[in-house]
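> sequence unknown, structure follows:
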């Protein structure tokens, strides 16, 4: 009962370590997109895969330190009959 668990753990560790660290490249008939207007060079794969702050905005993690009354919400309407 213990051996299958050890074998599974060993296989998982072995597969986790065989990832490639090389840059991504498109398949031979395809190419990276052309350079944007006003830029002399094409963006690389790392730059294309990166997310902008607009795509992934920062979180507001401000904690409430005291209890505050709720403001009136004009869109909180009762259900229609």
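Structure's in. What do you need? Given the structure is predicted, the values throughout are model-derived calculations rather than measurements.
> give the contact list for the residue nearest to residue 46 when sequence neighbours are not counted.
Take residue 46 and drop its neighbours on the chain: the residue closest to it by CB to CB, 6 or more residues apart in numbering is residue 23, 7.0 Å away. Bear in mind the C-beta positions are built from the backbone N, C-alpha and C, glycine included. Counting by CB atoms under 8 Å, 6 or more residues apart in numbering, residue 23 makes contact with 44, 45, 46.
> same list (those) but as JSON lines, adding distance to residue 8, neighbour count and pLDDT.
Below are the contacts of residue 23 laid out as JSON lines (distance: CB to CB, whole Å; neighbours: other CB atoms under 10 Å; pLDDT from 0 to 100):
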{"residue": "44", "distance to residue 8": "37", "neighbour count": "12", "pLDDT": "80"}
{"residue": "45", "distance to residue 8": "33", "neighbour count": "12", "pLDDT": "77"}
{"residue": "46", "distance to residue 8": "33", "neighbour count": "9", "pLDDT": "79"}
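> mind checking which of the residues you listed are in helices?
Applying DSSP state H to the contacts of residue 23, the entries found in helices are 45, 46.
> between the contacts of residue 23, which sits nearest residue 29?
For the contacts of residue 23, the minimum distance to residue 29 (CB to CB) is 16.9 Å, reached by residue 45.
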